[in-house]
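>>> give me the fold of what follows.
(2 chains)
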2 protein chains.
Amino acid sequence: METIWQNVYAARARSMSSSVIRELLKLTEQPDFISFAGGLPAPEVFPVDQVRAAAERVLTERGAQALQYSTTEGYRPLRELIASWMRDDPRHRLPVCGVDNILITSGSQQALDLIGRMFIDPGDRILVESPTYLGALQAWSAYGPQYVTVPSDDAGMVVDALEPALRAKPKFIYLVPNFNNPTGRTLSLERRRRLIEIASRHGVPIVEDDPYGQLRFEGEMLPSLLSLAAGRGPVNTAYHGNVIYLSSFSKILAPGFRLAWVCAEPEVVATLTRGKQGADLHTSTLSQTIACEVAKDGFIARHLEAIRRTYRERRNVMLAAMQQHFPASVRWNRPEGGMFLWCELAEGVDATERLRAAVPKKVAFVPGASFHPCGGGENTLRLNFSNAAPEQIREGIARLGEVLE
Amino acid sequence: METIWQNVYAARARSMSSSVIRELLKLTEQPDFISFAGGLPAPEVFPVDQVRAAAERVLTERGAQALQYSTTEGYRPLRELIASWMRDDPRHRLPVCGVDNILITSGSQQALDLIGRMFIDPGDRILVESPTYLGALQAWSAYGPQYVTVPSDDAGMVVDALEPALRAKPKFIYLVPNFNNPTGRTLSLERRRRLIEIASRHGVPIVEDDPYGQLRFEGEMLPSLLSLAAGRGPVNTAYHGNVIYLSSFSKILAPGFRLAWVCAEPEVVATLTRGKQGADLHTSTLSQTIACEVAKDGFIARHLEAIRRTYRERRNVMLAAMQQHFPASVRWNRPEGGMFLWCELAEGVDATERLRAAVPKKVAFVPGASFHPCGGGENTLRLNFSNAAPEQIREGIARLGEVLE
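Just a heads-up that it's a prediction; the model follows:
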């Protein structure tokens, strides 16, 4: 039917269509469906009792504050707590970091959107890994960038391919260095050092998206790009450097808070704050005050042990089931943390077509092509191992084995 | 100092600068300051105990759900509750309205942003009242529109001036018909009918921003533009019409939830949902589930009585104090609801300059010029009467009287 609305949409609205895959994945809501397609944490490890107790304390002790408007930058005690994490966490060990370095956002998705809003002019080139995180591409599609891609292998972004790609003069380099979504890959220490050196030499800033860094359940932790880029600033109470670092409460506490943060130079934080003013004024005060109450006194560090234990077990169960049920032509990796692993089917096999065959068997994954902004990866797929219980993982992988045979 | 960042900002970032007035108003955080500048509800009427009890129930009965990711459209029981309000509220009485008509947003500010994202191409013309709501201008500044203004008087937007303004072919008409921010003015019934007729004849949609409609504490309630524009759609389970209606929990429950909704045709809701996917994925599940638990069983309708009583008293106290302390050259209105009233100083008196004089006396307001996107209104100002207690209102207006003398 013709409606008045068709004529008034912005050009960018037409480029933001819902995908075929999204429509297919809607079917995963059926009963008995086992989905490895989502990116959801295990609900079994949500600290429900601690959140309930924190909500009770916050609403008893400072209810009116928790229910009132807040500042765009975020609830100050939460920003202070995060700044202390950025100083103390051995992955960062920032010599200086203060509230002026921290902006609270409504999930990392909003941080990506604000970066698009404040940095991307139509036609600007953005350098990303291929494959890369789909949410970043979705956030930025509204701002009309062009992507320059650099491939990745088991050690993350192939930094050797970086200098040629920088000739396109991208506005920034975007990557997920730890337990990448979709691949589960981690950027090696040597490549981190070279990436920082090359980016600095070319004067190109880096957006380091790190929702999974704390979910390492084996192997050695690696320093953040943020910490490797730390330089001397005009004031010695704040971080200065050419990295915008994003992290989130979604994987270390619970996604229902919709709570994440940016750590960057004060000037960048101030700029993103101006963007956030127009986007949603500020993030839920209720979410912020309750999360701050839960997170204080080292709770997150203790709670992470339970999350890591659960995810290690689920990864192990999935790897063992794949070994048992997948045909020899399928290859996959063994991530040391995070929530995803990555499969390559035999050359010429189309993962999207395999998804169509999987859905009637009530099992699903995300075809890898969606994560390649400039094409490719048709024979790859992403599996999530965090959300399903071990028994479901075994059953789901057995079903998938039949589909891939 | 030169930084790497200066060179990478988007053009739109430069048009989104922080204002002089914002800087002045930062001073209102001093102790003993009485500010009529904000737009905050009275914290005394936040139903803290009910929210605490609801949080307790939600986290006891369905904690894992409240802490997990949710759908972009919003928590379904909350959308169902709101759809029922839209059918039952005598201001709307929509014959049909279902979940497909409702999108939950992170405050109305986000709804405004999503409308900008999905409807505004650079250079598009948008028709607004003058003065108009500043938050809408802030949200849309990222998308590069041009404004066509129509003046308003005591009966709201001057609809006689609408047809000439429509020659500029605006994408949509934006207005706050009830207890307008900044003016407190309400669009008369006769003008509502004519506005709908003219907009429909010209095929121009309307964005009806209605955060304050429920805060009427005297006079007769008026039908929403949404209800006056309701037409027959292709399905008889959903609203169809050329109005996008926005309302919010911020003024009827508490702003700390950052919770608002859009009611519009299913196609428009689906389009805005695609925009929201990139913007923040979804609104805080915790906020949504707790608000839904508080709001059910008619709590909001009962609670509104307390809010209206409080705001009526505060408006009366402010009007009486203005009568006593303001010079005869100042004129003001008497809103029948909402949170703001509007003053006109003598011709040639500059309200921004008066604000500079007011700040050292520890009292503040917002100069009206900021609300005029195409200039004008230098001798006007906005006063908020909802946030300060009666005693503070008397003292603050007395201080302001000296400044205006």
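
>>> could you list the low-pLDDT ranges of chain A?
In the predicted model, chain A carries pLDDT under 70 at residues A:1-2, A:16-22, A:24.

>>> where is the longest helix in it?
Longest among the helix segments of chain A by residue count, using DSSP state H, is helix A:299-325.

>>> how far does it sit from the chain's center?
18 Å (C-alpha atoms, centre = their mean, to the nearest Å).

>>> tell me which other helices or strands it touches.
Using 3 or more C-beta pairs under 8 Å, 6 or more residues apart in numbering or on different chains; DSSP states H and E as the contact test, the elements touching helix A:299-325 are strand A:340-344, helix A:390-404. The way it works is simple: take the backbone N, C-alpha and C, and place the C-beta from them, glycine included.

>>> and the strand ranked longest in chain A, which residues are buried?
For chain A, the longest strand by residue count, based on DSSP state E, is strand A:146-153. By neighbour count, with 16 or more other C-beta atoms under 10 Å in any protein chain shown as the criterion, the buried positions of strand A:146-153 are A:147, A:148, A:149, A:150, A:152.

>>> could you do stretch A:33-50 as well?
By neighbour count with 16+ other C-beta under 10 Å, stretch A:33-50 contains the buried residues A:33-43, A:45-48, A:50.

>>> which ones among those residues lie within strands?
Filtering the buried residues of stretch A:33-50 for strands - DSSP E - leaves A:34, A:35.

>>> centre-most residue in chain A?
The geometric centre of chain A, computed from its C-alpha atoms, lies nearest to residue A:211 (C-alpha atoms, centre = their mean), at 4.7 Å.

>>> if we can go back for a sec, next, format the buried residues of strand A:146-153 as TSV and append distance to residue A:307.
Below are those laid out as TSV (distance: C-beta to C-beta, whole Å):
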residue	distance to residue A:307
A:147	32
A:148	35
A:149	32
A:150	31
A:152	25
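
>>> can you lay out the residues you listed as a markdown table showing distance to chain B?
Formatted as a markdown table, the buried residues of strand A:146-153 follow (distance: C-beta to the nearest C-beta, whole Å):
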| residue | distance to chain B |
| --- | --- |
| A:147 | 15 |
| A:148 | 15 |
| A:149 | 19 |
| A:150 | 19 |
| A:152 | 23 |
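
>>> tell me the contacts of the residue of the stretch 301-405 of chain A found nearest chain B?
In the stretch 301-405 of chain A, the residue that lies nearest chain B is residue A:387 (9.5 Å; C-beta to the nearest C-beta). Counting by C-beta atoms under 8 Å, 6 or more residues apart in numbering or on different chains, residue A:387 makes contact with A:35, A:36, A:38, A:40, A:41, A:42, A:43, A:339.

>>> and those, which is closest to chain B?
Among these, residue A:43 lies closest to chain B (C-beta to the nearest C-beta), at 3.9 Å.

>>> does chain B sit close to stretch A:240-259?
Yes - Stretch A:240-259 reaches chain B (C-beta under 8 Å from any C-beta of the partner chain) through A:242, A:250, A:254, A:255, A:256, A:257, A:258, A:259.

>>> so of those, which two are at opposite extremes in space?
For the residues of stretch A:240-259 next to chain B, with distances taken as C-beta to C-beta, the pair at the greatest spread is A:242 and A:256 (33.4 Å).

>>> quick one: which of these two has more around it?
Set side by side, residue A:242 and residue A:256 show unequal neighbour counts under other C-beta atoms under 10 Å in any protein chain shown, the larger going to residue A:256 at 28 against 25.

>>> how close does the closest residue in space to the more buried one that isn't next to it in sequence sit to residue A:39?
Excluding the flanking residues, the one nearest residue A:256 by C-beta to C-beta, 6 or more residues apart in numbering or on different chains is residue B:285, at 3.5 Å. With distances taken as C-beta to C-beta, to the nearest Å, residue B:285 is found 15 Å from residue A:39.

>>> quick revisit: between the buried residues of strand A:146-153, which is nearest residue B:224?
Out of the buried residues of strand A:146-153, the member with the shortest distance to residue B:224 (by C-beta to C-beta) is residue A:147, at 43.7 Å.

>>> count the neighbours of residue A:104 for me.
30.

>>> can you report how many residues lie near residue A:308?
What residue A:308 shows, counting by other C-beta under 10 Å, is a neighbour count of 17.

>>> isn't it right next to residue A:216, touching?
Yes - in this structure, residue A:308 is within contact of residue A:216 by C-beta atoms under 8 Å, at 7.2 Å.

>>> now the common contact residues for the two.
Common neighbours of residue A:308 and residue A:216, using C-beta under 8 Å, 6+ apart, are residue A:337.

>>> show me what from the stretch 101-250 of chain A comes close to chain B.
Looking at chain B, the residues of the stretch 101-250 of chain A close enough under C-beta under 8 Å from any C-beta are A:106-107, A:109-110, A:113, A:117-121, A:124, A:135, A:138-143, A:171-172, A:203, A:205, A:234, A:242, A:250.

>>> kindly reformat the contacts of residue A:387 as a markdown table containing distance to chain B.
A markdown table is the format used below for these (distance: C-beta to the nearest C-beta, whole Å):
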| residue | distance to chain B |
| --- | --- |
| A:35 | 13 |
| A:36 | 16 |
| A:38 | 8 |
| A:40 | 6 |
| A:41 | 8 |
| A:42 | 10 |
| A:43 | 4 |
| A:339 | 12 |
